[in-house]
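Undergrad: structure, please.
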Amino acid sequence: MSRPQNMKPKDIRHLLLDADITQAELARELKVSQEAVYQIIEGNYTSHRIRQHIARRLDIDIKRIWPDPYLYFGGPRKAGRPVCESRSRTA
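TA: Residues are numbered from 1 along each chain as shown. You can find the predicted model right below:
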């Protein structure tokens, strides 16, 4: 059985259109550019905050729209660099 794919951008836009939600409206609510919302929908960039807002406004589980990062990779990417455990501290 193959794993589900992320929803196609055109399908996300159709859902937004059906819900009478514009990308400009989302951008204003999030205080980001319309380009940022567009790039997230297109899949060119990732932003957990923007994805979460889109899913919430559409009243759809975020895992239905973007299953890859949330079902198969343990959630959104964490900010910052991982701690290097090979370093030892000397007192």
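Undergrad: residue nearest the centroid of the chain?
TA: For the chain, the residue nearest the mean C-alpha position is Arg51 (3.2 Å; CA atoms, centre = their mean).
Undergrad: mind saving the C-alpha coords of the host helix or strand of Glu25 as PDB?
TA: Element membership for Glu25 (DSSP states H and E) is helix 23-30. Presented in PDB, the C-alpha positions along helix 23-30 are these (Å, rounded to 0.1, in the frame of the first residue of the first chain):
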ATOM      1  CA  GLN A  23      -5.000  33.900  -0.300                       C
ATOM      2  CA  ALA A  24      -4.800  37.600   0.300                       C
ATOM      3  CA  GLU A  25      -7.200  37.200   3.300                       C
ATOM      4  CA  LEU A  26      -5.000  34.500   4.700                       C
ATOM      5  CA  ALA A  27      -1.900  36.600   4.200                       C
ATOM      6  CA  ARG A  28      -3.500  39.600   6.100                       C
ATOM      7  CA  GLU A  29      -4.600  37.300   9.000                       C
ATOM      8  CA  LEU A  30      -1.000  35.900   9.300                       C
END
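Undergrad: buried ones in it?
TA: Judged by neighbour count (16 or more other CB atoms under 10 Å), helix 23-30 contains these buried residues: 23, 26-27, 30. The way it works is simple: take the backbone N, C-alpha and C, and place the C-beta from them, glycine included.
Undergrad: pretty sure Leu30 is touching Ile50, no?
TA: Yes: Leu30 is within contact range of Ile50, at 6.1 Å (criterion: CB atoms under 8 Å).
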